[in-house]
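Visitor: for reference, the sequence and a predicted model appear below.
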Amino acid sequence: ESKFNFKKCKELCLSFIQDAMLQKQWKRAAEFLTFYVESLEKDFSREPVGASEIIWRIGSEILRHHPDSSVKEFNTFIEPMKTLSVKRYLKVCLEHAFYLLHNGLIDEAYQNLSLAESWRFGEQTVIQDKELKLIQAYMGLLDYYKWSKQKNILLEDGQEGFEDLSVEQEMHSCFRKAAVNLKEIIKIPGIWDQFVKCYVDMLEFYGDHNEARQVLNEYAYNPKFPANPNAHVYLYQFLKRHGESKKSLISVLKILHDIVPSHELMIDFNTMLQKSKKRKRRRLGLEVIFTALDYAGCKENVKAWSCLARQVKQIVISEKHLAWIKQEWNSRKDWWPAFHFSHYLAKKNWQENESLSYEKALVAGILLGRDCKYFKYVSHKGCKAQVKRFRKLKKFVNKHNPVHLRIS
Amino acid sequence: RDFNERCAQCSEVNWGLTDGGRFYCRSCHNVTEKITEVENTDFTSNIRIQTVSKGLRKQEKTDGGCEWYVCEGFQFVLRKQAEALEALGVCPQMKDEVLWNFWRCYLQKTKQAYCDRPAGETVRPLSVCDSSTDVDSDPERLSLLYSSLSESEGDLQTDCSFVSSTSKVSESTSVRSRSGSVDGSLYLMKNPKEKLRMTMPMTLSFCYMALLWVRETMTLSELLRFVFEGHIPYLNVFQHFPEKMKLRGPDIKIFCVESWPSYEEVFNKMHELAAFLDLPRFPDITDSCFLHPDMLCMKYLMEANLPDEMHNWTCRVVKKTCIGEVDFLTLVPGNKSTRKVKYDVLAAAVIVVVLKLLFLLDDKYEWLLSDFAQERNKNNKEDGPYFELKKWYKVLKCTLDVEQKKLDERRAKYLWRCEKPLFYSAKKKSKVLKRRQIVVNLQNQFGRLSGSVQPAEKPNPSSFQLSWSEENTDGSCFHGHSLKGILQEKRGLLTAVNPRYWLCTLKLCNEKLCGHLAHYGEADFPQSYHFVLRLFSFLLRIEPSYIHDEVCMIEHKLFNKKLRKKTKYKTGPRK
């Protein structure tokens, strides 16, 4: 009792609020918040998190989830929060905009951002530079959204033979505004996937492929930027769209293979490499597909297995480069059987996906021989069901049975 | 001063003056009809006296305020508190005579009024608060001074937020009064150690002192509880100051509290005050007084839902330790050799000792004993039910947890600010008002979202926090239960079945050095003991360690002689 003072009292109150929030008791949280807010009249500016920030964050959270809350309630609440702390002004504005976007109020969000962007407060404007850039970036994004809508209208109208100059002009103006802001933000090292995509989309529409390529290259290869697989995916997709050479496509995908070997694009990559005339590339292809299948994500991917099966089959038939399979299998022979070719999986795959089991059976039969659990079960089932390809499969594996001895 | 007649009631010659100019006997409060005829010129020569007792006001200041002194503010606070106490049922004599006489005596002793020379006569003519300058050097200097003051004033470091953080030290060294009161800034600059400077917690010390003098049926813990519950003004009393008494700057630090006064603080200050005022021996606390341990034990036994029969035991302990003696209980101010008595804590400690005597409370024996009583209860047809500790524990634990939770919630919901805004200077006014508006809006908004929750109502003032009714058929009231289940007959006397006792401590600490008689750590003692301490800690709203201290003191009185003879007793706390 002797330590019962204003500060301790409010700390106690805060703990009640936090408990209520963790248990999603929003009414109770609101109730205790009413008793907490008088902390504003005594802001302990020595603490790292002052009362005004706590109230802003907690109040926002409660208003987001409370059943009786509304956008109007939130707006009423957030305005004084902006002015309570100059140091936090832009941040609060930004979060407010997010809230509005979350509730589908795009125009209101844009207005808010626009207002925030024009805010000037001496030194603070410089200190809060990051937030300002973010605000501009999001405005850019919303401008893109508007541009996109105009574009669609224009295309529809074009189809019907209408021409609307005002829409077109607006569209271009949106583009200009968006371009400025988006270009700025993606200069800063960071993850800007959505912004990059939108920017590139616009550039492509206006035919500025050079700029687009440059942007994507920067995004993917600038060492200052954090490693981001998506950057490479975007670049690849762009290059593919524009019919770039196989060489450039392969070099992009190679990097992706290094970063995310389990990426779904690896399947396309393998397909591309298999067809190549160059030995090195075919060799890489094998490595790529084996590596992709090391991961649980591809375990049931029929396409991935069919790629592997095709390549393995081709190698076996040609009788050249069995060493490649040997190399790949070497590090996998200890654990792939349990991982992919167990009896349980044989049953499961057969029941759920016949094609999957077919592809896998081929690979299993070659790598482990016709007596392995997986192949035996699936081929038996397949032949019993009188599915034609299974009979062929059986013949093929029987014919090439010694292979598994050579590669183990 | 010249009045030398003996008092009609008590034959003493110990006179004071009432407000109306009548003489009254300080010993027995007998008011005479004699009115002072001699106008003591000393009295009238001091302007301040006039302002205090006749309410003359100087010219009004520009902001509609008037000149007022800090002691007037405190006087107002005391008046409000006394009125509240009267409304709670305290005798009017306490307010009309006792408290006022104490206050007047204090004013006299601190030379603030009723004496020849006003305090601080070295004060330069104080100018009215002016808003022309924009640099508040004084609050900053005051804040530096303040850091040497006692904690009870609230954490000044955080108070700095009231002050502009960009204030620079100005060259000017003169003390410019920025307070609403005339002597506010000066007041804070005075050395707090000399002359017992008046503070808000001290108002409660005054109240308690007066209550003790008239031997009211209110303990200090009750008084503090009533203050917490809002029945006695304390927190924002200043909002009821007359319009003309404006609070500014340093006044806020004086009258606005940011922390709750502790029992210890109020208690110790009261004794300091009593000594400072040179008060004589207080009226005797006899065994018919409410504050006597026999009486208080009865009350607490009822509240703790323990059998009435235990009262015999508490009386025995009281008798054996001589803590029921008049000389032990009665306060003699200034006597440093006697230990100051905390009546409520003492009574609670007696009950704890009795529980230990009867049940041992070592986390094993009491439950065995309870089962034993339960067995005997099965065969018990004629007498009332035997008391079983287990049942009692279940009921009390449940209740205590619920009540503690309620109390915690009430504490969490405690509102410290009031409608009347406080600001250091006219400059800060708009910011303060703006903040208040934001706070009110937020309270309204989230209040609506709280759902259909009733606003926390002030609990009705009640002497009992827990009540148990014998009419409850669920058997949750233990007042009428008999202790026979745990007693045995020996040589015609009923004694406890439990033959053992453990001492809380083998040796008492020097209270003056380390503040406690013993040191209490929850992990060092049995859970049952801790529970019992917790129970009374809740009822009295003090830390368990204070009750523990009193328990050690009582045990020392009970067993010390025997200990020194070195007979066999099971001693030592359980680790």
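Guide: Great, that's in hand.

Visitor: list the contacts for the closest residue to chain B within the stretch 301-408 of chain A?
Guide: Nearest residue of the stretch 301-408 of chain A to chain B (CB to the nearest CB) works out as residue A:301 at 49.5 Å. No exception for glycine: its C-beta is placed from N, CA and C like everyone else's. If a contact means CB atoms under 8 Å, 6 or more residues apart in numbering or on different chains, then residue A:301 has A:264, A:267 as its contacts.

Visitor: ditto for residue A:256
Guide: A:229, A:232, A:233, A:236, A:263, A:265, A:266, A:269.

Visitor: now for the last one, how many residues are close by?
Guide: Residue A:269 is surrounded by 25 other residues when neighbours are defined as other CB atoms under 10 Å in any protein chain shown.

Visitor: and the contacts of the helix or strand encompassing it?
Guide: Using DSSP states H and E, the element containing residue A:269 is helix A:265-274. Residues outside helix A:265-274 that contact it (CB under 8 Å, 6+ apart): A:233, A:236, A:246, A:249-250, A:253, A:256-257, A:281-282, A:284-286, A:288-289, A:291-292, A:301, A:303-304, A:307-308, A:310-311, A:314.

Visitor: helices of the stretch 201-350 of chain A, residue ranges please.
Guide: Under the criterion DSSP state H, counting those that start in this stretch, the stretch 201-350 of chain A contains helices at A:209-221, A:229-241, A:246-259, A:265-274, A:279-292, A:302-318, A:322-330, A:336-340, A:343-352.

Visitor: would you list those in JSON lines and tack on distance to residue A:84?
Guide: Shown next, in JSON lines, are these (distance: least, CB to CB, whole Å):
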{"stretch": "helix A:209-221", "distance to residue A:84": "38"}
{"stretch": "helix A:229-241", "distance to residue A:84": "38"}
{"stretch": "helix A:246-259", "distance to residue A:84": "44"}
{"stretch": "helix A:265-274", "distance to residue A:84": "49"}
{"stretch": "helix A:279-292", "distance to residue A:84": "53"}
{"stretch": "helix A:302-318", "distance to residue A:84": "55"}
{"stretch": "helix A:322-330", "distance to residue A:84": "63"}
{"stretch": "helix A:336-340", "distance to residue A:84": "57"}
{"stretch": "helix A:343-352", "distance to residue A:84": "58"}
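
Visitor: okay, these in TSV with mean pLDDT next?
Guide: Formatted as TSV, the helices of the stretch 201-350 of chain A follow (pLDDT from 0 to 100):
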stretch	mean pLDDT
helix A:209-221	94
helix A:229-241	95
helix A:246-259	93
helix A:265-274	94
helix A:279-292	95
helix A:302-318	94
helix A:322-330	93
helix A:336-340	95
helix A:343-352	94
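
Visitor: so after the helix or strand where residue B:297 lies, what's the next helix or strand?
Guide: If you go by DSSP H and E, residue B:297 is part of helix B:293-303. Going down the chain from helix B:293-303, the next helix or strand is helix B:310-321, by DSSP H and E.

Visitor: report the buried residues of whatever helix or strand comes next after that next one.
Guide: As assigned by DSSP H and E, the chain's next helix or strand after helix B:310-321 is helix B:326-329. Using 16 or more other CB atoms under 10 Å in any protein chain shown as the test for burial, helix B:326-329 gives residue B:329.

Visitor: what does the stretch 451-575 of chain B put close to chain A?
Guide: Within the stretch 451-575 of chain B, the residues that sit near chain A (CB under 8 Å from any CB of the partner chain) are B:451, B:453, B:541, B:542, B:543.

Visitor: circling back to that earlier point, who wins for proximity to residue B:233 among the helices of the stretch 201-350 of chain A?
Guide: With respect to residue B:233, and counting by CB to CB, the nearest of the helices of the stretch 201-350 of chain A is helix A:229-241 at 66.0 Å.

Visitor: the closest one - contacts with which helices or strands?
Guide: Under the contact criterion of 3 or more CB pairs under 8 Å, 6 or more residues apart in numbering or on different chains; DSSP states H and E, helix A:229-241 touches helix A:193-205, helix A:209-221, helix A:246-259.

Visitor: mind checking the longest helix of chain A?
Guide: Counting by DSSP state H, the longest helix found in chain A is helix A:129-160.

Visitor: list the buried residues of that one.
Guide: Under 16+ other CB under 10 Å, the buried positions of helix A:129-160 are A:131-148, A:150-151, A:153-154.

Visitor: which residues sit in contact with residue 206?
Guide: With no chain named, the answer covers chain A. Counting by CB under 8 Å, 6+ apart, residue A:206 has contacts residue A:175.

Visitor: nope, chain B
Guide: So residue B:206 contacts B:78, B:99, B:102, B:103, B:106, B:270, B:273 (CB under 8 Å, 6+ apart).

Visitor: and what of residue A:69?
Guide: Here residue A:69 is in contact with A:62, A:63, B:449 (CB under 8 Å, 6+ apart).

Visitor: out of the contacts of residue B:206, flag the one nearest to residue B:548.
Guide: Of all the contacts of residue B:206, residue B:270 has the smallest distance to residue B:548: 22.2 Å, by CB to CB.

Visitor: please report how far the closest one lies from chain A.
Guide: 16 Å (CB to the nearest CB, to the nearest Å).

Visitor: can you classify that residue by secondary structure?
Guide: helix (DSSP: H, G, I helix; E, B strand; the rest coil).

Visitor: test my guess that it contacts residue B:208.
Guide: Yes. Here residue B:270 reaches residue B:208: they are 5.3 Å apart, a contact under CB atoms under 8 Å.

Visitor: can you give me the pLDDT of the closest residue to chain B within the stretch 51-200 of chain A?
Guide: Relative to chain B, the nearest point of the stretch 51-200 of chain A is residue A:80 (4.8 Å; CB to the nearest CB). pLDDT recorded at residue A:80 is 93.

Visitor: and the nearest residue to it once chain neighbours are set aside, how many neighbours?
Guide: Leaving aside its sequence neighbours, residue A:80 sits nearest to residue B:438 (CB to CB, 6 or more residues apart in numbering or on different chains; 4.8 Å). When neighbours are counted by other CB under 10 Å, residue B:438 registers 20.

Visitor: do the same with the one 10 residues further on
Guide: Residues contacting residue B:448 under the criterion other CB under 10 Å number 12.

Visitor: what residue, apart from its backbone neighbours, is nearest it spatially?
Guide: Nearest to residue B:448 is residue A:68, by CB to CB, 6+ apart, at 7.8 Å.

Visitor: ok, now residue B:263?
Guide: Here the residue nearest residue B:263, using CB to CB, 6+ apart, is residue B:542, at 4.9 Å.

Visitor: OK, contacts around the one you found?
Guide: A:1, B:221, B:262, B:263, B:345.

Visitor: in what helix or strand does it lie?
Guide: If you go by DSSP H and E, residue B:542 is not part of any helix or strand.

Visitor: phi and psi next, for it.
Guide: phi -130, psi 170 (degrees, to the nearest 10).

Visitor: low-confidence ranges, the stretch 451-575 of chain B, go.
Guide: Applying pLDDT under 70 to the stretch 451-575 of chain B flags residues B:452-459, B:472-473, B:566-575.

Visitor: residue in it nearest to chain A?
Guide: For the stretch 451-575 of chain B, CB to the nearest CB, closest residue to chain A: residue B:451, 4.0 Å.

Visitor: look at that residue and give its secondary structure.
Guide: Per three-state DSSP, residue B:451 ends up coil.

Visitor: and it, how many neighbours?
Guide: By other CB under 10 Å, the residues close to residue B:451 number 14.

Visitor: and the residue nearest to it when sequence neighbours are not counted, what is it in contact with?
Guide: With sequence-adjacent residues excluded and distances taken as CB to CB, 6+ apart, residue B:451 is closest to residue A:27, at 4.0 Å. Under the criterion of CB under 8 Å, 6+ apart, the neighbours of residue A:27 are A:66, B:449, B:450, B:451, B:453.

Visitor: do the same with residue B:527
Guide: Residues near residue B:527 by CB under 8 Å, 6+ apart: residue B:363.
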